[in-house]
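I'll drop the sequence and a predicted model, then ask my questions.
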Amino acid sequence: MENKKTILDIHNFSVSFEQYGSGFKKTTLPVIHNLDITVHQGEMVAIVGSSGSGKSLLAHGILGIQPYNATLGGEIIYNGEVLTEERKKALRGSEIVLVPQGTSYLDPLMKVGPQVLKGKNDKKLKERLDKIFKGYNLRDNVYNLYPFELSGGMNRRIMVSTAMMAQPKLVVADEPTPGLHMEMAKKVMSHFRELADNGAGVLVITHDLEQAIEVADRIVVFYAGTTLEDADVKDFEKEETLRHPYTKALWRAMPKNGFKFIDGIQPYVKAMPEGCVFGPRCPHFTEECKCAIPYKNVKDGRVRCIKAEEN
Amino acid sequence: MILLIIAVSVASFVLISVSPIDPLQANIGQAALGSMSAEQIEKLQAYWGVGTPAYQRFFSWAADFFRGDMGISLLYRQPVADVIKVKLANSLYLMTIAWLISGIIGFIMGIIAGINKGRFIDKAIKGYSLLIASTPAFWLALVLLMVFAVWLQILPIGLSVPIGVEASGVTFADKIQHAILPAVTLSITGISNITLHTREKMIEIMESDYVLFSRARGESTYNIIKNHGIRNVMLPAITLQFGSISEIFGGSVLVEQIFSYPGLGQAAVTAGLGSDVPLLLGITVISAVFVFGGNLIANILYGIIDPRIRRGGKLS
């Protein structure tokens, strides 16, 4: 993995919204801040975080389809070059693809076949699509059906097909599995695994840690709009190999590891704690943590905790 | 639909029954009535069925109506059916033109505004629509009349054909020329409603997840509109378009009055003011048929166009 080329390098990324509060006071809401992620060729990275932590926004930010009132900060390097808004526009749909969250991302009034082909009537493209559909166990007649005539699982496979059509170098999958039963979810995830094995960089955004551990190469833990830890999937075998107290808490919350939860809730964007975002819930929190916490390298991974030690 | 029409005819019949219209007065006139003897009045009362209960009168009217006999218009001294036929022909092409123009222009303007939400073109279209929507149709008609007929004198001031020309001498161009102002008035007032609704719907579509996804897949704005925009805005537009028939009908009453255009709207006003009950009832029912018919067509078209309705039933 180490010698593979870096396809996506997100550094100090932020997404913020300007909001008008009471009395025309303009406030800036940094929904995502200090976010760092790298994805290599042929690698599947899972971003794991709970709902409402701004994960979808990250996906949309990479594609350049964030809401018009959002401001992006930091740096995204794609394939060795800075990914500007113009470059996003040029590359999205061809080199960089998004697999969206739910069926609402398909036009309800357009047959899925033409929809995957973007309305183009091209014989060669259609043949390719037929092959992809076949690979995903979708019958031939699916081409002429509407999204409402397909099951949730089939619609997800249709959306994965849109990614396959493009032969992408980078796949961003935004919560591709909720609402699917275990079997189906595993199957959908395996499609992404295939994409990664075929050489694409895959970034899967999910809230399902267990599932992520099963298929991904690396796990990035996302909390309150920032990345707290970047760990190899192997590190999740034992609690001791993990670096951040939040990751450890997540680990302990997994059913097979005791199902133990920690108190408190994720801080709201408007009421971010001083210093470490996890501070108020952290058992090891001290005065020293009330400062800007660097993202430092610890044991082949990265962690945003000043207490994490190399040992 | 049939039930609705029955309901409309019952309602209008009840309203007319309780209104202080006296058939004798309406037909013979106050002065003549005063000079008549009591026997004469009694005879006439019996002829017009003054003493008969309302429900009996309704059933005899409805039974005749069902057979195609709508009665004799008191003012025109002709069968109601004939009067309506002539007036409807006049009105219908006026209303059809207005309906098509307002529908097509409103639809296009709504889409343009919706796509460019917040930009200058959107603000201009929205401003125009709001302005027109709050302008009374009759006032607009008067303004147009003043500008084009009085000041510029390029269009006739009223009526559907030139004055003092024999019916055989009226050319098609004459008819068109006379229909321009009323049709334009009706169109202009109709456009704003359709534009505003289409715009609203278009904005909703442009903010939808599937448009976002199309954008993420690198589709151009033009492609998005072609593939998803028009497809999705079509359904509400059709409902709106056929629903707007009632508005065009309502608007035509005022507009025809102002342009002295001898159409159904004007006939309705005349019938109402002149206590011409058979004509008024006839017009009410025929208008109801058109309005309900429009809604019915919209419903049927929905089933044909929307695959969720068309194919939803088959898959179970």
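Great, that's in hand.

which residues touch stretch B:221-236?
Applying CB atoms under 8 Å, 6 or more residues apart in numbering or on different chains, the external contacts of stretch B:221-236 come out as A:107-110, A:115, A:118-119, B:110-111, B:114-115, B:197-198, B:201-202, B:205-206, B:208, B:210-211, B:214-215, B:219, B:302, B:305-306. Heads up, the C-betas are built off the backbone N, CA and C, glycines and all.

The same query, at a cut-off of 7 Å, please.
Stretch B:221-236 is contacted from outside by A:107, A:109-110, A:118-119, B:111, B:115, B:197-198, B:201-202, B:205, B:210-211, B:214-215, B:302, B:305-306, using CB atoms under 7 Å, 6 or more residues apart in numbering or on different chains.

and the end-to-end length of that stretch?
21 Å (CA to CA, to the nearest Å).

ok, and for that stretch, which residues are buried?
Under the neighbour-count criterion of 16 or more other CB atoms under 10 Å in any protein chain shown, stretch B:221-236 has B:N223, B:I224, B:I225, B:N227, B:H228, B:G229, B:R231, B:N232, B:V233, B:M234, B:L235, B:P236 buried.

Spatially central residue for chain B, please.
Closest residue to the average C-alpha location of chain B: B:F249 at 1.3 Å, with CA atoms, centre = their mean.

so what's it up against?
Shown in contact with B:F249 (CB under 7 Å, 6+ apart): B:S287, B:F290, B:V291.

Apply 6 Å and report the result again.
B:S287 (CB atoms under 6 Å, 6 or more residues apart in numbering or on different chains).

Heading C-terminal from the strand or helix carrying it, find the next helix or strand.
Element membership of B:F249, judged by DSSP states H and E, is helix B:245-258. Sequence-wise, the next helix or strand downstream of helix B:245-258 (DSSP H and E) is helix B:264-273.

Helix or strand next in line after that next one, which one?
The helix or strand immediately downstream of helix B:264-273 is helix B:277-305, counting by DSSP H and E.

for that next one, which positions count as buried?
Using 16+ other CB under 10 Å as the test for burial, helix B:277-305 gives B:277-288, B:290-292, B:294-295, B:298, B:301-302.

Remind me what the helix or strand just after it packs against, helices and strands.
Per DSSP H and E, the first helix or strand lying C-terminal to helix B:277-305 is helix B:307-310. Helix B:307-310 sits against no helix or strand, with contacts defined as 3 or more CB pairs under 6 Å, 6 or more residues apart in numbering or on different chains; DSSP states H and E.

7 Å instead?
helix B:277-305 (3 or more CB pairs under 7 Å, 6 or more residues apart in numbering or on different chains; DSSP states H and E).

pLDDT of the helix it packs on, averaged?
When pLDDT is averaged along helix B:277-305, the result is 84.

Tell me if it is near chain A.
No - under the criterion of CB under 7 Å from any CB of the partner chain, chain A is not reached by helix B:277-305; the shortest gap measures 8.7 Å.

about what we covered before: so how far is the helix holding B:F249 from its chain's centroid?
Chain-centre distance of helix B:245-258: 6 Å, with CA atoms, centre = their mean, to the nearest Å.

now stretch B:288-306
Relative to its chain's centre, stretch B:288-306 lies at 15 Å (CA atoms, centre = their mean).

ok, and what's touching it?
Stretch B:288-306 has contacts (CB under 7 Å, 6+ apart) with B:1, B:4-5, B:8, B:234-235, B:238-239, B:242-243, B:245-246, B:249, B:309-310.

Any of those buried? List them.
B:I5, B:V8, B:M234, B:L235, B:I238, B:F242, B:G243, B:I245, B:S246, B:F249.

Let me know the closest of the buried residues of stretch B:221-236 to A:R302.
Using CB to CB, B:I224 is the member of these that sits closest to A:R302, with 38.8 Å.
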